[in-house]
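Peer 1: what's the 3D shape of this:
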Amino acid sequence: MTTGLLTTNYNTWHLSEQCIQHCLDFADDNIEEFVVVDDCSDEIFSNQFKNVNLICNPKNYGLVKSLNIGLTALNTDLVILFDSDAWPLENYIKKTKDYFQNNPKVGIAAYRTEKVQGEISPAFEAEPDFFSVLLGQKLHKYYQQIFNRNPKRITVYTCAMVLRNEVLKEIGGFDEKYDWLELDHDICMRAMRSGWEVGVIPVRAFHKGSGTPQLVSKRVIRFYQNRIKLLKKFKKYPAPLLLNGLIVMRLSFEYMLINIFGRIKYSDSIRKDKSHSRSTLISCFLKGQI
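Peer 2: Numbers count the residues shown, from 1 in each chain. Okay, the predicted model is just below:
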C-alpha cells in the first residue's frame, strides 16, 4: 500500500514549512510522493525539501481546485491531506496503512486533531441535515450534544484527512461548485452513498485552526449559502418553502434581539456585524438567492 501526501499553500509558507517538516519527521515508513500546491502566493518559497514536488498555480484558483490539482498529480493507494496549519504529532504512516488494511470498507478517514496544549479540536461531525440551518449554528450544536451524540454517519474534515485513491477514481475529487466550506462534507457524503464508510484513525495530529480572516457576518452568510446547496444536492432539504419561511422567522427574531439587547451586550461594531448577517440573509431568502 503506497502513500502520498498533499498540502496546499496560500501566503502561509511559515506554516507550510512546519507542516512539511513534521510530516517528514514523523514518517515511520515510505512516502512515495509528496505534493505541495501553491495557489499563486505573493510570498516566494525556496523548496529546500528533498522529494517534495512543488506545483505553482499560474493564478489564484482557490482551495478546492488547488486540492484537485494536487490529487491529479498523485498516484498512490492512499492520499494524506494536511492543511498548511496542520501536521502529525506522532508516527503516522504505518498506523494509517494498518487502519485502512484492517478496515477495507473505510474509504475516507481523519486523524484525531488537537490544538495548542492538547485541547481537542473536532476532526469530524454528524452528517449535516436541515436542522443545522433551521436552528442556527449555536442551537444546532446543543441539539447535537443532546440528541445526536453518537451519530450513525459522520463526515470528516480536510484539515487532516486520508482518502483511498480507489474512492477518488470512483466518485471523483472535490466538488468545485463549493468554496472551501462544505467540500469535506460533500466528498464524504458522496463516498458513503457509493457504499464506503468514513472513520477516524487513532493518530494524533495538530490543527491550529485559525480560519480565514473575515467578518463574522461574511462567514455566516457563506455558511448558509454553501450548507443549503449541499443539503439540496443530497435531497436533505425537504419542503424548501416551509423551511425557508421558518429560517427567515428565526433570523428576524435574532435581528430584533441583536438590535435591542445587543446594544448592551456587544460593542457597536460587533452588533452591526451580527445585524448585517441577519438582514442580508433575510434578503437573500426573500429574493430566492439561497
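Peer 1: In terms of secondary structure, what does the top helix by length along the chain contact?
Peer 2: When the chain is parsed with DSSP state H, its longest helix is helix 240-260. On a contact count with 3 or more Cβ pairs under 8 Å, 6 or more residues apart in numbering; DSSP states H and E, helix 240-260 meets helix 131-134, helix 268-286. The way it works is simple: take the backbone N, C-alpha and C, and place the C-beta from them, glycine included.
Peer 1: Could I get those in TSV, plus columns for mean pLDDT and mean neighbour count?
Peer 2: Output for those, formatted as TSV (pLDDT from 0 to 100; neighbours: other Cβ atoms under 10 Å):
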stretch	mean pLDDT	mean neighbour count
helix 131-134	96	20
helix 268-286	94	17
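Peer 1: List of residues touching the helix or strand that the longest helix of the chain is followed by?
Peer 2: Sequence order places helix 262-265 as the next helix or strand after helix 240-260, per DSSP states H and E. Applying Cβ atoms under 8 Å, 6 or more residues apart in numbering, the external contacts of helix 262-265 come out as 270-271, 274-275.
Peer 1: quick one: the longest helix of the chain to helix 268-286, angle?
Peer 2: If you take axes from the mean of the first three to the mean of the last three Cα atoms, to 10 degrees, helix 240-260 sits at 160 degrees to helix 268-286.
Peer 1: would JSON lines of the contacts of helix 262-265 with distance to Tyr224 be doable?
Peer 2: Below are the contacts of helix 262-265 laid out as JSON lines (distance: Cβ to Cβ, whole Å):
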{"residue": "Ile270", "distance to Tyr224": "19"}
{"residue": "Arg271", "distance to Tyr224": "20"}
{"residue": "Lys274", "distance to Tyr224": "14"}
{"residue": "Ser275", "distance to Tyr224": "16"}
